[in-house]
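# Give me coordinates for this.
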Amino acid sequence: MYDFWRTLWTSIGEFMEWTFGLLPALHNLPNILFIIVGFLAFFYWMGQLVKFQKEEKAS
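Residues are numbered from 1 along each chain as shown. Okay, here's the model as predicted:
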């Protein structure tokens with residue numbers, strides 16, 4: 001059982017190292033994507049808050 005966990009975590013670590021090796025080739029694209037996703041989530045949540053306020057005032 002110990003070998004299973006050791007192999008699992010080693011494999012995950014090697015995969016992470018491989019994915020971080022791709023980042024220099026992508027330049028600034030991951031940062032831009034994270035910012036866009038963050039803004040979309042922010043505006044969605046602000047829209048939900050406005051909707052909740054309107055529902056509360058109508059009640």
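# for this structure, which spans come out with low pLDDT?
Low-confidence segments of the chain (pLDDT under 70): none present.
# Okay, helices next: where are they in it?
With DSSP state H applied, the chain shows helices at 2-26, 29-58, listed in chain order.
# Count the neighbours of residue 6 for me.
When neighbours are counted by other CB atoms under 10 Å, residue 6 registers 10. Every C-beta, even on glycine, is put in place using the N, C-alpha and C of the backbone.
# if I pick it, what's in contact with it?
Residue 6 is in contact with no residue at all, counting by CB atoms under 8 Å, 6 or more residues apart in numbering.
# roughly how far apart are it and residue 20?
Taking CB to CB, to the nearest Å as the measure, residue 6 falls 21 Å from residue 20.
# Residue 28 now?
Residue 28 sits at a distance of 15 Å from residue 20 (criterion: CB to CB).
# Quick check: phi and psi on residue 28?
When quoted as degrees, to the nearest 10, the phi and psi of residue 28 stand at phi -100, psi 0.
# no, scratch that, I was asking about residue 27
Taking degrees, to the nearest 10, you get phi 60, psi -120 for the backbone angles of residue 27.
# burial count for it?
The burial count assigned to residue 27 is 9, neighbours taken as other CB under 10 Å.
# Same check on the one 4 residues further on?
Using other CB under 10 Å, residue 31 has 11 neighbouring residues.
# tally of neighbours for the residue nearest to residue 30 when sequence neighbours are not counted?
The spatial neighbour of residue 30 that comes closest, neighbours along the chain excluded (CB to CB, 6 or more residues apart in numbering), is residue 23 at 6.5 Å. The number of residues packed around residue 23, counting by other CB under 10 Å, is 11.
# and if you look at residue 45?
Taking other CB under 10 Å as the neighbour definition, residue 45 ends up with a count of 10.
# try the one 3 residues further on
Using other CB under 10 Å, residue 48 has 10 other residues around it.
# Same check on residue 39?
By other CB under 10 Å, the burial measure for residue 39, its neighbour count, is 10.
# what does residue 29 give?
That count, for residue 29 with other CB under 10 Å as the rule, works out to 10.
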